[in-house]
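*Asks:* Need a 3D model of the sequence below.
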Amino acid sequence: MTIAPPDLVFPASHPSGDTPSKMHKSLLQAAILPEQTALNAWRKWRDSVDIETLDPQSHHLLSTLYPNLLRHGVEDAQMSRLKGVYRRTWYVNQLLARSFVQVLHRLQEEEISPLVIGEMGLVSTIYPDYGYRPLYRLDLLVPYSQTLAAINTLEELGWTNSYRPQPGDRFGKNPLPLWRVTSPNDPLCVPIYLHNHLFSAKPQSYTDEKLWTDAISTEIGNFPAIVLSPIDQLLHLSLQNNREGKQRPIYWLADASLLVQALSEESDWVKLVTQAQRYEIVLPLRYLLKELGEVLNLSFPDWVLPSLNQMAIAYSELLEYNLAGDRKLLLLKAQLLRLRQGLKRLFVGDFPG
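*Replies:* Numbering: from 1, shown residues only. As a prediction, the model looks like this:
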């Protein structure tokens, strides 16, 4: 693994330049923060927008906003509207959970070990109930060796798939491979995404097994399920949050803030930083935590950000997240490393199995 010196890789701001607007920031604060800070942000946001013409991302946060305002005793003409949004979210998510449980149950019957990740994993662990956050997709991680069996099982349940793998196919050619399948009988039309890897650090088998080892138990619609630990959920979210060319939803910051609050022990933070280096996602985590501090005034143990700043970074990580900026020599080295890895896979074979 080729390493870049730490003093070369940290621009002053997020490389995407994609930061929340003032109104989005106020709404996030009103939905997430406690007491007077939330109330002040709520009044500022309410007086500056037309609730009838909100953008989709702002509308998403209304489900989280309502219970926070209710908790602080807010009496406002808009509360009945917000309550309606919250109750609809709860109802739709209940239907999704019921449908998802059928998939989980069938996979377990086929001796496949699904790990719930993404939005359903968040709603079933860090949010108090199904009304707090709308769901747009369902994500499952299955062991690499069980990918084909999982796809076959979903097809038997009536799901369709744009990619039909064959028994001899090699999976895992991309860092985060997934297959989209959509149920023709589901009026909600929410897709399931199957993943067979989450983080791409080598050796892949160890990285994959670690996720199941650290996973936690929960219930989805009264059905026992296994989900990512809060630490791995936060690392996965930081990975998504920093992918090049992808627009970053502002509500990911709401998700991330609750995951941070779930890290109650010093040992949790030690493990988070250690795992970020192990999975080669130091930069994504560093930028996400920095943004949480700036937008939501969240605080962390005082050693965390300095530790992430001091860590050496793999050139492959620099290239993956497009964080080399205008440092042409550094970027060239990262590109050469990626080229060498591509040639190795082409002529030698570097696939997980």
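*Asks:* Please report phi then psi for Thr218.
*Replies:* Phi and psi for Thr218, reported as degrees, to the nearest 10, are phi -150, psi -170.
*Asks:* any idea how far it lies from Asp302?
*Replies:* 32 Å (CB to CB, to the nearest Å). Backbone N, C-alpha and C define where each C-beta goes, glycine included.
*Asks:* Give me the more crowded residue out of those two.
*Replies:* Relative neighbour count places Thr218 above the other of Thr218 and Asp302, with 15 against 7, counting by other CB atoms under 10 Å.
*Asks:* need the strands for the stretch 1-150 of the chain, in chain order.
*Replies:* The residue ranges that make up the strands of the stretch 1-150 of the chain, judged by DSSP state E, counting those that start in this stretch, are 3-4, 115-117, 138-141.
*Asks:* out of these, nearest to Lys202?
*Replies:* Evaluated with CB to CB, those place strand 3-4 nearest to Lys202, the distance being 14.5 Å.
*Asks:* doesn't Gln233 make contact with Gln275?
*Replies:* No: proximity of Gln275 to Gln233 does not meet the contact threshold set by CB atoms under 8 Å, at 11.5 Å.
*Asks:* Tell me where the model's unsure across the stretch 1-150 of the chain.
*Replies:* Judged by pLDDT under 70, the stretch 1-150 of the chain has its weakly predicted residues at 1-19.
*Asks:* mind listing the helices for the stretch 251-353 of the chain?
*Replies:* Secondary structure of the stretch 251-353 of the chain by DSSP state H, counting those that start in this stretch: the helices cover 251-261, 266-278, 282-296, 304-310, 315-320, 328-347.
*Asks:* Now mean pLDDT, mean neighbour count and distance to Arg98 too, for those, in TSV please.
*Replies:* Compiled in TSV, the helices of the stretch 251-353 of the chain are given as follows (pLDDT from 0 to 100; neighbours: other CB atoms under 10 Å; distance: least, CB to CB, whole Å):
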stretch	mean pLDDT	mean neighbour count	distance to Arg98
helix 251-261	95	21	23
helix 266-278	95	17	32
helix 282-296	93	21	32
helix 304-310	94	15	39
helix 315-320	69	21	37
helix 328-347	64	13	42
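*Asks:* mind putting those helices in CSV, distance to Leu33 included?
*Replies:* Rendered in CSV, the data for the helices of the stretch 251-353 of the chain read as follows (distance: least, CB to CB, whole Å):
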stretch, distance to Leu33
helix 251-261, 9
helix 266-278, 21
helix 282-296, 6
helix 304-310, 20
helix 315-320, 32
helix 328-347, 38
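*Asks:* right, so of these, which gets closest to Leu141?
*Replies:* Using CB to CB as the criterion, the shortest distance between Leu141 and the helices of the stretch 251-353 of the chain is 15.9 Å, found for helix 266-278.
*Asks:* what angle do that closest one and helix 282-296 make?
*Replies:* For the pair helix 266-278 and helix 282-296, the angle between their directions (axes from the mean of the first three to the mean of the last three CA atoms, to 10 degrees) equals 130 degrees.
*Asks:* Gln240 reaches Ala256, doesn't it?
*Replies:* No: contact between Gln240 and Ala256 fails when scored by CB under 8 Å: they sit 10.2 Å apart.
*Asks:* hmm, back to that, with distance to Leu96 and mean neighbour count as new columns, can the strands of the stretch 1-150 of the chain be given to me in CSV?
*Replies:* Formatted as CSV, the entries for these read as follows, by distance: least, CB to CB, whole Å; neighbours: other CB atoms under 10 Å:
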stretch, distance to Leu96, mean neighbour count
strand 3-4, 42, 16
strand 115-117, 12, 22
strand 138-141, 7, 24
